[in-house]
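Student: when you get a sec, could you give me coordinates for this:
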Amino acid sequence: MQTLREIRRLLDEAGLRVRKQLGQSFLIDGNLMGKLVELAELSGGETVLEVGPGTGSLTEELLGRAEKVVGVEIDRGLCELLRRRLGERSDFVLICGDALAGKRALSGDVLAALPRGTHLVANLPYSVATPLLAECLFQSWRAACGRGGAACGFERLTFTVQQEVADRLSAAPGGRSYGPVSVVVALLGRIRTGPAMGREAFWPRPKVGSRILRIDFDADLAGGLADAETLREVLAMAFGQRRKQIRSVLRRKGSRFEASAWASAMAASGIEAGLRPEQVRPEQYRSLANALGPLPDRPKP
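Tutor: This is a model prediction of the structure:
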């Protein structure tokens, strides 16, 4: 595991600087990195996706514990650094680019490199953490349910995120942190909370602390959801106006659901019209999405 001095040396030798706009913050606490890897419980035969490998400190640890590591790095300079250090290894695949294709899909290069049963282990850049984790779970749902010819799916996600994101991922209904990603995690996986991480565990030092979390995809639980895209649309509409009562959702311009269908689905799901979105339980959102059925076409302008 690289020390702060070693990370600085590698960056200096490559003529690189930390790019704050990419949310770069290097994990320099070896003890906490060990806890991250320990929580992942790798057995040696896994393919691991690491998003944001940086200078390769965690990557080197993962290469000693997994069959293959696929690293995705958006910083071109760091890509060259990683190629020089690890590019000759047959058990390491480097993808230079964004792990996401927009906000609602993993990139094609990432999907092509990963099999079903992949593990994510990463010190996630804060700018990408929430959409990436949600999409990993939706991709696992597609693979488990045989949708869209999905071959790639994730068995387990083990990662570091800023405490604010950790709170959203594990939030219960009624709390300020409860939102769309809270519902997605509750309906598709089982979350485990790892150690808290102080600001001093990273360089450059972030403004807030972080936490290690693990989410195990639960195929049996996920099988209760009929259509992931419908759920995604329902959550986007509901939490787009989280301060208003949920019955007012259809007043938004461009709604993809008929008012009568929405009202009937709410009644079938036991959702009181006067509730606000953060008061609706995950299983009620699942029931609402299932009752609405496949996502209708967008209305013509």
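Student: now do the helices in this structure.
Tutor: For the chain, the helices defined by DSSP state H cover 4-14, 30-40, 57-63, 76-86, 108-113, 129-145, 163-170, 180-188, 219-222, 228-239, 259-268, 282-292.
Student: so which of those comes closest to Leu94?
Tutor: Comparing the helices of the chain against Leu94 with CB to CB, the closest turns out to be helix 76-86 (5.6 Å). For glycine as for every other residue, the C-beta is placed from the backbone atoms N, C-alpha and C.
Student: quick one: low-confidence parts of the protein?
Tutor: Along the chain, the model assigns pLDDT under 70 to residues 250-254, 296-301.
Student: residues in contact with the residue nearest the centre of it?
Tutor: Residue closest to the average C-alpha location in the chain (CA atoms, centre = their mean): Leu133, at 0.8 Å. By CB atoms under 8 Å, 6 or more residues apart in numbering, the contact set of Leu133 is 124, 157, 159, 169, 181, 185, 215.
Student: what about the second one, distance to Ala236?
Tutor: It stands for Leu157. 22 Å (CB to CB, to the nearest Å).
Student: tell me which of those two has more neighbours.
Tutor: Leu157 (27 against 11; other CB atoms under 10 Å).
Student: surely the more buried one is in contact with Ile212?
Tutor: No: applying CB atoms under 8 Å as the test, Leu157 and Ile212 come out as separate, 11.4 Å apart.
Student: excluding chain neighbours, what is closest to Thr158?
Tutor: Leaving aside its chain neighbours, Thr158 sits nearest to Ala40 (3.9 Å; criterion: CB to CB, 6 or more residues apart in numbering).
Student: distance of the residue located most distally from the centre of the chain from Ala267?
Tutor: Distance from the centre of the chain peaks at Ser260, with 33.7 Å (CA atoms, centre = their mean). Separation of Ser260 from Ala267 (CB to CB) stands at 11 Å.
Student: what's the first-to-last distance across stretch 66-81?
Tutor: End-to-end distance for stretch 66-81, by CA to CA, to the nearest Å: 22 Å.
Student: okay, now Asn31: neighbour count?
Tutor: Applying other CB under 10 Å, I find that Asn31 has 9 neighbouring residues.
Student: from Ala201, how far out is it?
Tutor: Taken as CB to CB, the spacing of Asn31 relative to Ala201 amounts to 9 Å.
Student: for Gly44, give me its contacts.
Tutor: Contact partners of Gly44, counting by CB under 8 Å, 6+ apart, are 65-67.
Student: typo on my end, it should be Leu27
Tutor: Applying CB under 8 Å, 6+ apart, we find Leu27 in contact with 33, 36, 57-58, 123, 160, 201-202.
Student: between those, which has the most around it?
Tutor: Highest neighbour count within the contacts of Leu27, by other CB under 10 Å: Thr160, with 28 neighbours.
Student: can you tell me how far that residue sits from Leu106?
Tutor: Taken as CB to CB, the span from Thr160 to Leu106 is 20 Å.
Student: the residue nearest to Thr158 against Arg156, yeah?
Tutor: Yes: judged on CB under 8 Å, Ala40 makes contact with Arg156 at a distance of 6.9 Å.
Student: and for those two, which residues touch both?
Tutor: 119, 214.
Student: tally of neighbours for Glu258?
Tutor: Neighbours of Glu258 under the rule other CB under 10 Å: 12.
Student: what residues does it make contact with?
Tutor: If you count contacts by CB under 8 Å, 6+ apart, Glu258 has none.
Student: same check on Gln245?
Tutor: 273-276.
Student: swap in Gly179?
Tutor: Taking CB under 8 Å, 6+ apart, one finds 168, 171, 239, 242, 278 in contact with Gly179.
Student: kindly report the domain assignment for this protein.
Tutor: As assigned by automatic domain parsing, the chain contains the domains 4-222, 228-292.
Student: now do the same end-to-end measure for the last one.
Tutor: When you say that, I think you mean domain 228-292. End-to-end distance for domain 228-292, by CA to CA: 12 Å.
Student: how far out from the middle of the chain is that domain?
Tutor: Here domain 228-292 is found 23 Å from its chain centre; the criterion is CA atoms, centre = their mean, to the nearest Å.
Student: repeat that for the first one.
Tutor: Using CA atoms, centre = their mean, we find the averaged C-alpha position of domain 4-222 to lie 8 Å away from the chain's own average C-alpha position.
Student: coming back round to it: any of the contacts of Gln245 buried? List them.
Tutor: 275-276 (16 or more other CB atoms under 10 Å).
Student: now render the contacts of Gln245 as a markdown table, adding distance to Phe92.
Tutor: Putting the contacts of Gln245 into a markdown table (distance: CB to CB, whole Å) gives the following:
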| residue | distance to Phe92 |
| --- | --- |
| Ala273 | 54 |
| Gly274 | 55 |
| Leu275 | 49 |
| Arg276 | 47 |
